[in-house]
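S.K.: kindly return the folded structure for what I paste below:
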Amino acid sequence: MPDIQRTLVLLKPDAVQRELVGDVLHRFERKGLKFIAMKLIHLDETTLAEHYSHHTEKPFYKGLVEFMMQTPVVAIVFEGIDVVAEMRKILGSTNPREADAGTVRADFSMDLAGNIAHASDTAENAQIEIDRFFKADELFDYKKLTDQYHFGE
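M.R.: Below you'll find the model as predicted:
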């Protein structure tokens with residue numbers, strides 16, 4: 001049985017402001033990653049302090065929090081085979097100037113802060129992050145006709 005996982009993606013303010021949400025979502029869907037939850041949310045300092053706790057002592061932290069609060073972000077939960085690793089491949093390197101051509105970040109960004117999206121880095125962190133941004137009743141379990149083509153039998 002393939003390893004079906006879930007992961008969190010936050011489409012950042014630059015993706016919202018530059019009207020790239022549909023383009024980025026399209027890339028994920030074309031890969032066969034199924035979204036099972038999606039919402040537009042405005043992040044606050046408390047949530048961001050928890051989410052970026054590993055960055056609080058870094059010099060860019062204050063600017064990161066301010067950036068993430070500029071506009072709402074699109075929070076999405078995806079499901080798929082090895083979705084954590086697959087999502088990170090599709091997005092590319094955190095630094096868009098180092099990202100491989102054809103990845104979301106290489107194609108849509110030049111700026112490290114405005115790198116289009118956050119994606120969970122491990123399956124364990126994905127579950128923590130999903131729980132941070134979504135209630136259990138906001139996650140949907142459904143079959144798509146294309147699941148058999150993306151996931152196999």
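
S.K.: list the buried residues in the helix or strand of the chain with the lowest mean pLDDT.
M.R.: When each helix and strand of the chain is scored by mean pLDDT, DSSP states H and E, helix 147-151 comes last, with a mean of 80. For helix 147-151, burial by neighbour count (16 or more other Cβ atoms under 10 Å) applies to Phe151. From N, CA and C alone the C-beta is placed, and that goes for glycine too.

S.K.: and if you look at stretch 112-124?
M.R.: Buried residues in stretch 112-124 (16+ other Cβ under 10 Å): Gly114, Asn115, Ile116, Ala117, His118, Ala119, Ser120.

S.K.: try stretch 29-36
M.R.: Buried residues in stretch 29-36, counted by 16+ other Cβ under 10 Å: Gly32, Leu33, Lys34, Ile36.

S.K.: so the last one sits right up against Val83, yeah?
M.R.: No: taking Cβ atoms under 8 Å as the definition, Ile36 is not a contact partner of Val83, at 10.4 Å.

S.K.: any shared contact partners between these two?
M.R.: Arg6 (Cβ atoms under 8 Å, 6 or more residues apart in numbering).

S.K.: helices and strands around the host helix or strand of Glu86, which ones?
M.R.: Assigned by DSSP states H and E, Glu86 belongs to helix 83-91. Judged by 3 or more Cβ pairs under 8 Å, 6 or more residues apart in numbering; DSSP states H and E, the packing partners of helix 83-91 are strand 4-11, helix 21-31, helix 104-108, strand 117-119.

S.K.: swap the cut-off to 6 Å and go again
M.R.: strand 4-11, strand 117-119 (3 or more Cβ pairs under 6 Å, 6 or more residues apart in numbering; DSSP states H and E).

S.K.: tell me which strands the first one pairs with, and in which orientation.
M.R.: What it means is strand 4-11. Strand pairing for strand 4-11, using DSSP bridges, gives strand 73-81 (antiparallel), strand 117-119 (antiparallel).

S.K.: kindly reformat these as a markdown table containing mean pLDDT.
M.R.: Compiled in a markdown table, the strands paired with strand 4-11 are given as follows (pLDDT from 0 to 100):
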| stretch | mean pLDDT |
| --- | --- |
| strand 73-81 | 96 |
| strand 117-119 | 97 |
